[in-house]
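Visitor: Quick one: sequence and predicted model below, then my questions.
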Amino acid sequence: MKKIILLLLIVLLNSCASKKQVHTGETEWQREMNADFKDATKSPLTEKDRASFSGLDFFKYDSTYVVTATLKLTPEAKKFKMKTSTDRLPEYVKYGVLFFELKGKPYQLNIYQNIGLLEKEGYEDYLFLPFLDATNGDTTYGGGRYIECEIPKGNTMIINFNEAFNPYCAYSGRYSCPIVPQEDQLPIKIEAGVKAYKKH
């Protein structure tokens with residue numbers, strides 16, 4: 001009888017441990033994302049959704065989606081008002097174009113700088129990399145995803161698609177999110193980063 005109880009305890013502990021691992025995340029970045037989503041002061045989730053939140057759904061980390069890109073600056077680019085999911089029109093400028101290879105094929109994406117954030121402490125080097133890909137509307141959010149970057153010291157940048165995340169609009173209609181420009185569409189599946197949000 002004692003052996004049976006001990007075995008049941010081991011099974012339960014292993015089950016809880018595996019569930020905890022899934023909820024917390026595979027990488028430090030995933031764990032931080034899940035912690036922020038559980039935190040009422042940072043989470044885009046409604047109070048009701050946060051109460052049942054057990055973790056974001058991520059693609060398995062894949063080093064294939066960590067690429068070194070060449071950054072070509074666009075100093076002549078003019079400021080423009082980026083469309084959002086609301087009437088808000090924040091000012092951005094195309095900071096440059098990133099050229100990279102993924103799975104042996106060449107691609108490029110524009111990278112932007114938010115003019116309004118330049119004066120905000122801690123955001124002086126902040127760059128915004130939005131993109132669309134062939135997973136949108138299927139395994140990922142239909143409106144595309146974002147990656148946060150910093151101005152590099154040289155002319156190369158690391159793009160880690162494993163850190164691609166959904167706009168807050170994917171979780172609640174109370175947010176105003178930049179709409180990914182159509183020219184920033186990749187004709188392939190980027191099976192990395194955060195998947196589409198499903199309420200539990």
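Guide: Here it is on my side, so go on. Residues are numbered from 1 along each chain as shown.
Visitor: need the helices for this protein, in chain order.
Guide: With DSSP state H as the criterion, the chain has helices at 2-24, 28-38, 47-51.
Visitor: Can you get me a residue count around residue 24?
Guide: 12 (other Cβ atoms under 10 Å). Heads up, the C-betas are built off the backbone N, CA and C, glycines and all.
Visitor: quick one: the closest residue in space to it that isn't next to it in sequence and residue 139, what's the gap?
Guide: If the residues on either side of it in the chain are set aside, residue 24 comes closest to residue 31, at 5.2 Å by Cβ to Cβ, 6 or more residues apart in numbering. For residue 31, the distance to residue 139 equals 21 Å [Cβ to Cβ, to the nearest Å].
Visitor: mind listing what the longest strand seen in the chain pairs with, with the direction of each?
Guide: Ranked by residue count, the top strand of the chain under DSSP state E comes out as strand 91-102. Strands that pair with strand 91-102, judged by DSSP bridges, come out as strand 66-73 (antiparallel), strand 80-81 (antiparallel), strand 105-114 (antiparallel).
Visitor: Break the protein down into its structural domains.
Guide: Here the domain parsing of the chain from automatic domain parsing is 1-56, 59-200.
Visitor: Report the contact partners of the residue with the shortest distance to the centre of the chain.
Guide: Taking Cα atoms, centre = their mean as the criterion, residue 165 is the residue nearest the geometric centre of the chain, at 1.5 Å. Shown here is residue 165, whose contacts under the criterion Cβ atoms under 8 Å, 6 or more residues apart in numbering are 33, 145-147, 193-194.
Visitor: what about 10 Å?
Guide: Residue 165 makes contacts with 29, 33, 56, 58, 141, 145-148, 193-194, as judged by Cβ atoms under 10 Å, 6 or more residues apart in numbering.
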